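A.B. asks: one predicted model, sequence on top.
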Amino acid sequence: MNDLPPDLPRLRTLETWLVVSLERVRQQIAAAEQREAERQQGAKRRPPPPDWVLELGIGVGAPPSEVHAGDCYAIGRRQRPITREQALEALGEGVRACVHCRPDTALGVL
């Protein structure tokens, strides 16, 4: 069974439509490749996350609210990167450890 039209005018119309469609697909592929190249370039330029993060409290002089591992997804907007020693000190002073990334376990506090 042949699903193509038998006459030349309709075959030429179909050919034109396929060429136009193919060009649109190629443009979409080029745009997707460009986005991926930009994403990869951005990932290369982005600095690595800090090892540890101190989430700050709300307001001036408010105590810190949590200690996080640097790659934790639950870090709030108010944050400051800290060293391992500062993280241990903060946990020792009673700053809460994040329940998602458990920096206290990673730091060997528990």
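C.D. replies: All right, it came through fine.
A.B. asks: center of the protein, which residue is that?
C.D. replies: Centroid-nearest residue in the chain: Ala43, 9.1 Å away (criterion: CA atoms, centre = their mean).
A.B. asks: for that residue, give me its contacts.
C.D. replies: Ala43 makes no contacts at all, as judged by CB atoms under 8 Å, 6 or more residues apart in numbering. C-beta coordinates here come from the backbone N, C-alpha and C atoms, glycine included.
A.B. asks: shouldn't it be within a strand?
C.D. replies: No: read with DSSP: H, G, I helix; E, B strand; the rest coil, Ala43 is helix and lies in no strand.
A.B. asks: any idea how far it is from Ala37?
C.D. replies: Applying CB to CB, to the nearest Å, the value for Ala43 to Ala37 is 11 Å.
A.B. asks: can you show me the strands along the chain?
C.D. replies: Along the chain, counting by DSSP state E, strands occupy 52-55, 66-69, 79-82, 96-97.
A.B. asks: just those strands: most buried one?
C.D. replies: Using mean count of other CB atoms under 10 Å, the stretch among these with the largest mean neighbour count is strand 66-69, at a mean of 24.
A.B. asks: quick one: contacts of it?
C.D. replies: Counting by CB under 8 Å, 6+ apart, residues outside strand 66-69 touching it are 51-55, 74-75, 79, 82, 87, 90-91, 95-98, 100-104, 106.
A.B. asks: ok, stretch 99-110 next?
C.D. replies: By CB under 8 Å, 6+ apart, the surrounding residues in contact with stretch 99-110 are 52, 67-69, 71-74, 84, 87-88, 91-92, 97.
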